[in-house]
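A.B. asks: have a look at this fold, sequence not included:
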């Protein structure tokens, strides 16, 4: 028998469901650009809330943005290594399930064939 969810667990589940639904709606209306805009707005909101208690929050965002910019520039110049590593790491961190190396490698192959 399952126990009822605590208030915190229920709130976390509702928040997750909201993220999933908003991402789906953004994709349907504005495509991948809409999804990116949704996550950027959400990250900015979370940053504003966290900044007073986390003095290094802005530094962390700046480093992540620099990393993304570097990976993007290198990919555009023909070096996919940093981009692929960044995407693989990001997928592993935010994925709802643990991906195996086979999953990531197969998706990389599919993306390269499509490109």
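C.D. replies: Done, it's in. Just so it is clear, the model here is predicted, and its values are computed rather than measured.

A.B. asks: now stretch 52-64, how far from the chain's geometric center?
C.D. replies: Distance of stretch 52-64 from its chain centroid, counting by Cα atoms, centre = their mean, to the nearest Å, is 17 Å.

A.B. asks: let me see the mean pLDDT of it.
C.D. replies: The average pLDDT within stretch 52-64 is 92.

A.B. asks: what's in contact with it?
C.D. replies: 43, 47, 50-51 (Cβ atoms under 8 Å, 6 or more residues apart in numbering). In this view, the C-beta of every residue, glycine as well, is placed from N, C-alpha and C.

A.B. asks: helices of this protein, start to end?
C.D. replies: Under the criterion DSSP state H, the chain contains helices at 7-50, 57-76, 81-94, 101-114.

A.B. asks: export the ones you listed as JSON lines, with columns for mean neighbour count.
C.D. replies: Formatted as JSON lines, the helices of the chain follow (neighbours: other Cβ atoms under 10 Å):
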{"stretch": "helix 7-50", "mean neighbour count": "12"}
{"stretch": "helix 57-76", "mean neighbour count": "13"}
{"stretch": "helix 81-94", "mean neighbour count": "13"}
{"stretch": "helix 101-114", "mean neighbour count": "11"}
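
A.B. asks: if you average pLDDT over each of those helices, which is lowest?
C.D. replies: helix 101-114 (a mean of 58).
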